[in-house]
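[1] I would like the atomic coordinates for the input below:
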Amino acid sequence: MLPCELVSRNGEQLREIVLRLAGAWSCPAASGDWLRSHVVWANSLVDRIVSEALGPVGAIAEPYALWAIERQPRLVLPCTHPAIVLTDELVRFERLKLFLLNLGHTLLADGWMHGGHPADMSVLQAMHHPALRRALEEAWLIEVLPVFDALGQGQEARTYLVGLRDRLLNPFLVHRVADIAQNHRLKVERRIAPLVKLAQQPFDREATPS
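    The predicted model follows:
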């Protein structure tokens, strides 16, 4: 099972949901044992900006794509592709996406919501707006990158950020900030609050940044 929902440890969460349903439906105990021991529930992360839907089926997406899948016994990948990465450290990919891309999107949305900006403003337009761009860059530099440094992931984060700026400045993606602003409070809790919690941990502040 290879779920792609944008939640941490999505394979494990899906397994628990299915097991709860099996219990609620009074399935035989053997079925629960089979679900636990036989089925492989993969944790994975998808990193790709999808800006618009295409009718009747489809979507407009950026060229960049990553599907990081956590390695585990008996896991068989469905195919091979340059964008598919099998990893023992899924959390490293999760942090990059959550605290740089997702947090960046949410900060732009917050500035848009409170700044009286056009209703149809795109991410590209927001990135070219001096005040919105300055607030985003300052947050990355002052609030986010020091946490990555403390985690020993600083250079990796800086490299990701170089590519991320290009992704957010893609002139062919019409990614509306209003779409990102949906469920804003929940996104703040998921994308910003965990970073604040990490920043409050007693890291070795004298360690050399990676």
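
[2] domain ranges for this protein?
    With domains defined by automatic domain parsing, the chain comprises 1-41, 90-199.

[3] what is the burial count for Gly23?
    12 (other CB atoms under 10 Å). Placement of C-beta: from N, CA and C, glycine included.

[4] same check on Val162?
    Neighbour tally, Val162, other CB under 10 Å: 8.

[5] that one: what secondary structure?
    Assigned by DSSP: H, G, I helix; E, B strand; the rest coil, the conformation of Val162 is helix.

[6] could you check how far it is from Leu98?
    Distance of Val162 to Leu98, given as CB to CB, to the nearest Å: 18 Å.

[7] and the pLDDT for the residue lying closest to Arg9 once chain neighbours are set aside?
    Nearest residue to Arg9 in three dimensions, chain neighbours excluded: Asn43, at 5.2 Å (CB to CB, 6 or more residues apart in numbering). Predicted confidence (pLDDT) for Asn43: 98.

[8] ok, Asn43 touching Glu89?
    No: look at Asn43 against Glu89 with CB atoms under 8 Å: they stay out of range, at 11.5 Å.

[9] point out where this protein drops to low pLDDT.
    203-210 (pLDDT under 70).

[10] those strands in it, which residues are they?
    44-47, 50-53, 59-61, 66-70, 84-87 (DSSP state E).

[11] deepest of those strands, which one?
    The highest mean neighbour count among the strands of the chain, using mean count of other CB atoms under 10 Å, belongs to strand 44-47: a mean of 21.

[12] nothing else from me, thank you.
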